[in-house]
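Asker: The amino acid sequence is not available; the structure is as follows:
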């Protein structure tokens, strides 16, 4: 069932459901504006950047092994 008592009249059960729904409205408020989607996008971007950095570190030989000299220039987007 939905957690509401069966011995309540339908009108009272509906009133209880509305009251509970209204009480939870504040918790759902941020979800209406799309903030949850934005937050997930930020987290996904951070995870992707960390994974890419870790992969670059694994592929790149240590600077000491390359010898002294000028460090390679970073790749820049046009």
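Answerer: That came through, no problem. What you see is a predicted model; the values in this text were computed from it and never measured. Numbers count the residues shown, from 1 in each chain.
Asker: so where does residue 43 fall, helix or strand?
Answerer: helix 35-59 (DSSP states H and E).
Asker: What is that helix packed up against?
Answerer: Judged by 3 or more Cβ pairs under 8 Å, 6 or more residues apart in numbering; DSSP states H and E, helix 35-59 is in contact with no other helix or strand. Every C-beta, even on glycine, is put in place using the N, C-alpha and C of the backbone.
Asker: give me the low-pLDDT residue ranges for the protein?
Answerer: 1-6, 30-33, 61-74, 76-78 (pLDDT under 70).
Asker: and if we set it to 50?
Answerer: Scanning the chain for pLDDT under 50 picks out the ranges 1.
Asker: Residue 15: what's it in contact with?
Answerer: Going by Cβ atoms under 8 Å, 6 or more residues apart in numbering, residue 15 touches no other residue.
Asker: 748 is where my numbering starts, stick with that
Answerer: With 748 as the first residue, the last one maps to residue 762.
Asker: gap between it and residue 822?
Answerer: Distance of residue 762 to residue 822, computed by Cβ to Cβ, to the nearest Å: 63 Å.
Asker: Residue 803 too?
Answerer: 10 Å.
Asker: When these two are compared, which one has more neighbours?
Answerer: Using other Cβ atoms under 10 Å as the criterion, residue 803 and residue 822 rank with residue 803 on top: 9 against 5.
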